[in-house]
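Q: Sequence first, then the predicted structure, then my questions.
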There are 2 protein chains.
Amino acid sequence: MTYIETLGSNAKAVESVIATASTEQKNKALKAIAEALIAKTDYIIEQNKTDLENAEKNGIPKVMQDRLMLDAKRIKGIADSVMTLIDLQDVIGTIDCGTVRPNGLRICKTRVPLGIIGIIFESRPNVTVDAATLCLKAGNAVILRGGKEAINSNKCLCSVMREALESISMPPDIIQLVEDTSHEAAGELMKLNQYLDVLIPRGGAGLINAVVKQATVPVIQTGTGNCHVFVDESADIEMAVNIVDNGKTQRPSVCNAVESLLVHKNIADKALPAIKAKLDEHNVEIRGCEKTAAILGDLVIPATDEDYAKEFLDYIISVKVVDSVDEAIEHIRKYSTGHSECIVTNSLENAEKFQRMVDAAAVYVNASTRFTDGGEFGFGAEIGISTQKLHARGPMGLNELTAVKYLINGNGQIR
Amino acid sequence: MTYIETLGSNAKAVESVIATASTEQKNKALKAIAEALIAKTDYIIEQNKTDLENAEKNGIPKVMQDRLMLDAKRIKGIADSVMTLIDLQDVIGTIDCGTVRPNGLRICKTRVPLGIIGIIFESRPNVTVDAATLCLKAGNAVILRGGKEAINSNKCLCSVMREALESISMPPDIIQLVEDTSHEAAGELMKLNQYLDVLIPRGGAGLINAVVKQATVPVIQTGTGNCHVFVDESADIEMAVNIVDNGKTQRPSVCNAVESLLVHKNIADKALPAIKAKLDEHNVEIRGCEKTAAILGDLVIPATDEDYAKEFLDYIISVKVVDSVDEAIEHIRKYSTGHSECIVTNSLENAEKFQRMVDAAAVYVNASTRFTDGGEFGFGAEIGISTQKLHARGPMGLNELTAVKYLINGNGQIR
């Protein structure tokens, strides 16, 4: 048995313990973990320092070093997040629907855990705790594989969580870390069909594509967002300005940020200058079509096909003036990554058409795309935002970390 | 663009047409297809003959030749199945749940089609029509890849369906067939992530494993069933006899048939001879543990570990005498494929424990495992039975061929 197989086998051995644990037991585990994180703050910071020193030595960019860094405040934040999971309603055992068949069979579709979840992520060590505890609350065992830059922090955080489980007599193997950070070990994890029920990659497009290509275990793709706002001819211009500005500048590095603006030709003369004036406050670079340049002037950089397809994650926006809601929908169909799309309009007909025809996880009328988020949707927590259609689409909370089981009760029925 | 990419691109071009088609339009298409199948019966039989002649020439077993064969009665049966889809309620556009957030955002989780579905199947040509029409009713475009033994039948059936779509002014590319039956073309289809939203293999374990290993497109695994019946000490023996007999002999070649029998030691003396007497009517071969042999006599073939793991799909059953419901659950945990499992009992406590602890798509108390079926569950039709946990588990009907989309309506909300 290889090292990775051993982790799988360990998880399998405790899978049913966590799957059938009561809500009270799971909440007790979460509390123990949160308290242990606070109690071990100094130890965690010390272990994290090793990662930070290695990062400095290896010339890792400052912005990445900041993501790696754990201090008392951040550890408190992680522990607080764990505590919030306690208040979330346990979905395990709830009944989605049920029926009594003509032959008297009673069929109930109930919520059960997915089983064993693999999480592959990059260098943010907070993901280690967030992902593990969310999986635990949903009754799953988890195998975590974080980036090698954070290996000392991750080892330490995992050992703290495992000790917390042991302290309340729960098996520590509910949470395991892949300590071998080689590509080979990650590759093996992606093909561990015998043990893993699902694999969730969390990170940039490169990581996600690599996992999708290599994995034979079912993957939930958390994805990139090339999100559009379409300002229809009947839009309230002030609302459009605020929605575009919020989507683009409130937090440009996230997947639900706006990357592209489409404006109806009949409102472009008024809307574009107003939007530009607001975006100028953040020095947003505008890459526009010819009509955009004709309205906004020569400072507009000509937009290429690549610009329309790009998730900038930066203070850059692509802009196109379109003839109709149909052209906007057509453009979005061509370039969208299926994350979040928005129309600003006062036309009921166009709002309905846009929501029906645009194929994305979240389709907005008159609200910022920044709301595509588990917290904002009322899920309490999220493990990521799915841009695939299978199993889960949009923000994934506790419910999306579960599966179903049919319970059928009879009194001797045969076919 | 390769041949397979062209099929993908063709499907993409018509995806939104079928996704946004009204229930009336979809039902009109189904009716046109059913009528065309009847009208073209002679032509279909003629084309099918070529496949049958090739099968004979290539020495394909008689039982496989029978699966390939289409006559007027079978074609009528296929057309009738299409007609039954008309009466099924359209799930597209229905609202799963909805909420109004404190900031006034209204969020609705609605049902939308999956998009473009790839189906890879073996030699039964009826699957061509069943799968295509079920996908169509759920608003999906479909790319079918059948076995090469049935290529002439499949080409003919697809052309009949495509002409029917054209006759009512719907784009024929909603239904496409991969006419290149090479492994290379199938391999390319499995990696067609740019266009396919999901891939569903239908066939034996070999086909399914090959697809799971090769595919980068998300797969729904329709699976093998090593289904157990556990006869608890409090079981009604006559009920147990009927449930085991029905599960084993009513149709041994299907995935929800019973493959393994577990009997509590306190009832084994009475239950085993009664079950054997009934199974003897179908000359069922018994492969049992030592205790089974001690009760039933020397004709019992000693069961190996492999026997307990095997899906016989034949008049063979493995048998084990166990000490408790816990041992039965433990055995099932070790050997189950997660399809359908049954306890026959009069103990409420053991029934509840069995349903809670056994991890399978369908867990029965006092009813035959043969009921795990879309028709028997009241779904009206099914595309297969999923044994994976992601997206769908158990019988997959129209609802399982859909995804969700969040529609969010606001009046200018920003974060």
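A: Nice, thanks for sending it over.
Q: how about the residues of the stretch 251-400 of chain A near chain B?
A: Residues of the stretch 251-400 of chain A lying near chain B by CB under 8 Å from any CB of the partner chain: A:333, A:351, A:355-357, A:359-368, A:370-372, A:376-378, A:388-391, A:393-394. For every residue, glycine as well, the C-beta is placed using N, CA and C.
Q: In helices, which of the residues you listed fall?
A: When these are checked against helices (DSSP state H), the matches are A:Arg333, A:Ala351, A:Gln355, A:Arg356, A:Met357.
Q: out of those, which are buried?
A: When these are checked for burial by 16 or more other CB atoms under 10 Å in any protein chain shown, the buried set is A:Ala351, A:Gln355, A:Arg356, A:Met357.
Q: could I get the residues you listed as JSON lines with pLDDT?
A: As requested, these are arranged in JSON lines below (pLDDT from 0 to 100):
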{"residue": "A:Ala351", "pLDDT": "98"}
{"residue": "A:Gln355", "pLDDT": "97"}
{"residue": "A:Arg356", "pLDDT": "95"}
{"residue": "A:Met357", "pLDDT": "95"}
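Q: Give me the buried subset of the residues of the stretch 251-400 of chain A next to chain B.
A: Buried by 16+ other CB under 10 Å: A:351, A:355-357, A:359-368, A:370-372, A:376-377, A:388-391, A:393-394, out of those.
Q: ok now do the residue in the stretch 1-150 of chain A that chain B sits nearest to, which residues does it touch?
A: Nearest to chain B in the stretch 1-150 of chain A, going by CB to the nearest CB, is A:Leu114, at a distance of 5.2 Å. Contact analysis of A:Leu114 by CB atoms under 8 Å, 6 or more residues apart in numbering or on different chains lists A:Ala138, A:Asn140, A:Asp197, A:Val198, A:Leu401, A:Thr402, A:Ala403, B:Lys389, B:Leu390.
Q: circling back: take the residues of the stretch 251-400 of chain A next to chain B and keep only those in strands.
A: The subset of those located in strands under the criterion DSSP state E comprises A:Ala362, A:Val363, A:Tyr364, A:Val365, A:Asn366, A:Ala367, A:Gly394.
Q: which two from the ones in helices among the residues of the stretch 251-400 of chain A next to chain B end up farthest apart in space?
A: A:Arg333 and A:Ala351 (17.4 Å; CB to CB).
Q: What is the neighbour count of whichever residue of the stretch 101-250 of chain A sits closest to chain B?
A: Relative to chain B, the nearest point of the stretch 101-250 of chain A is A:Asn246 (3.7 Å; CB to the nearest CB). Residues lying near A:Asn246 (other CB atoms under 10 Å in any protein chain shown) number 23.
Q: Ramachandran angles for it?
A: Per-residue torsions, A:Asn246: phi -60, psi -50 (degrees, to the nearest 10).
Q: how near is it to A:Ser368?
A: A:Asn246 is 4 Å from A:Ser368, where distance means CB to CB, to the nearest Å.
Q: Run through the residues that contact the residue nearest to A:Phe121 when sequence neighbours are not counted.
A: Excluding the flanking residues, the one nearest A:Phe121 by CB to CB, 6 or more residues apart in numbering or on different chains is A:Arg202, at 4.1 Å. Shown in contact with A:Arg202 (CB under 8 Å, 6+ apart): A:Ile119, A:Ile120, A:Phe121, A:Glu122, A:Val127, A:Ala131, A:Thr222, A:Ile383, A:Gly384.
Q: Can you read off the backbone torsions of A:Arg202?
A: Torsion angles, degrees, to the nearest 10, at A:Arg202: phi -120, psi 120.
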